[in-house]
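Asks: The sequence and its predicted three-dimensional model are supplied below.
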Amino acid sequence: MRVLAVDWSGDARGARHRIRVAEARPGELLEVRLGLDREGVGDLLLGLRAGTEPAVVGMDFSFGLASWFAREHGCATLPQMWDLAARDGERWLRACPPPFWGRAGTRKPTGDPARPLYRSTEQDVRARGLNPLSTFQIGGAGAVGTGSVRGMALLAAWRAAGVGVWPLDPAPGSSGVLLVEVYPRAMTGPVVKSSPDARRAHVVADPRIPTALRDAAAATEDAFDAALAALGMAEHVDELAGLGPLRDPTYLLEGAIWAPPM
């Protein structure tokens with residue numbers, strides 16, 4: 001089974017310069033690739049689907065939004081949420097209506113237990129001592145909302161083309177592709193990713209990264225995340241190959257992060 005990780009970008013014009021795609025096998029980084037925009041990532045997925053070897057691809061954007069938001073907008077399933085994002089997502093990003101925030105003149109909503117800013121899967125990851133941000137944050141440092149909204153808008157078309165999406169779909173058998181949502185920090189460990197020196201030191205100390213790929217893996221935060229996510233996934237390839245659909249209705253509506261066991 002092939003294992004890849006995509007460090008995604010929601011940039012309106014510069015995604016090609018941000019997106020990185022890494023591939024790994026257990027114990028070895030194989031590639032860190034630059035130059036694909038969001039459409040190019042879709043083409044890559046369709047090419048993998050047509051291949052003779054199954055593949056699991058980690059994507060670092062949220063596959064859904066909080067269940068209360070989905071229900072308030074008439075969504076009873078995750079694919080309906082994707083259709084909503086495809087229809088209304090660009091308006092959300094332009095106008096930044098509550099509960100979205102991060103644009104100039106907007107504020108983070110106050111805490112409301114009935115309208116949490118974090119999905120259940122993000123709360124699970126936070127309980128592990130990590131700090132995923134809310135998908136409703138579409139601006140500001142570390143914001144993941146813009147990329148997630150633009151990613152969700154593509155998921156329905158990819159799935160209609162035969163690309164599986166977990167937690168709805170199982171791992172592919174002898175061929176096919178499954179997308180899983182990942183949180184790279186769960187696989188990078190505690191490193192100051194914004195520091196080029198810290199990234200370089202981390203990469204040089206990792207025996208899974210060949211000398212020839214050190215520069216590519218440490219070049220940017222995006223490249224670093226893609227490389228370490230691919231390596232972390234590859235360490236658990238047997239688990240990924242055995243993934244089945246989840247049954248919990250909350251995860252089936254909000255999406256779920258795959259993370260390596262603690």
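Replies: Nice, I can see it.
Asks: Local confidence estimate at the most centrally placed residue in the chain?
Replies: When C-alpha atoms, centre = their mean is applied to the chain, the residue found nearest the centroid is Asp60 (1.8 Å). Asp60 carries a pLDDT score of 95 in this model.
Asks: Then the one 5 residues further on?
Replies: Per-residue confidence (pLDDT) for Leu65: 98.
Asks: Val57: neighbour count?
Replies: 24 (other C-beta atoms under 10 Å). From N, CA and C alone the C-beta is placed, and that goes for glycine too.
Asks: show me the contacts for it.
Replies: Taking C-beta atoms under 8 Å, 6 or more residues apart in numbering, we find Val57 in contact with 4-6, 45, 48, 177-180.
Asks: Any idea how many residues pack against Pro245?
Replies: Counted with other C-beta under 10 Å, Pro245 comes out at 13.
Asks: How about the one 5 residues further on?
Replies: Burial of Thr250 is recorded as 14 neighbouring residues (other C-beta under 10 Å).
Asks: Report the secondary structure element holding it.
Replies: Assigned by DSSP states H and E, Thr250 belongs to helix 249-254.
Asks: Please save the CA atoms from that helix in CSV.
Replies: Extracted in CSV, the C-alpha atoms of helix 249-254 (Å, rounded to 0.1, in the frame of the first residue of the first chain):
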residue,chain,number,x,y,z
PRO,A,249,-23.2,9.4,14.2
THR,A,250,-21.3,12.4,15.4
TYR,A,251,-18.1,11.5,13.6
LEU,A,252,-20.2,10.5,10.5
LEU,A,253,-21.6,14.0,10.4
GLU,A,254,-18.5,16.0,11.5
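Asks: And the contacts of that helix?
Replies: 64-67, 70-71, 75-78, 81, 119-121, 167-168, 245-246.
Asks: Can you tell me which of those end up in helices?
Replies: 67, 70-71, 78, 81, 120-121 (DSSP state H).
Asks: Identify the farthest-apart pair in these.
Replies: Arg71 and Thr121 (16.8 Å; C-beta to C-beta).
Asks: In the chain, which residue sits furthest out from the middle?
Replies: Gly105 (27.9 Å).
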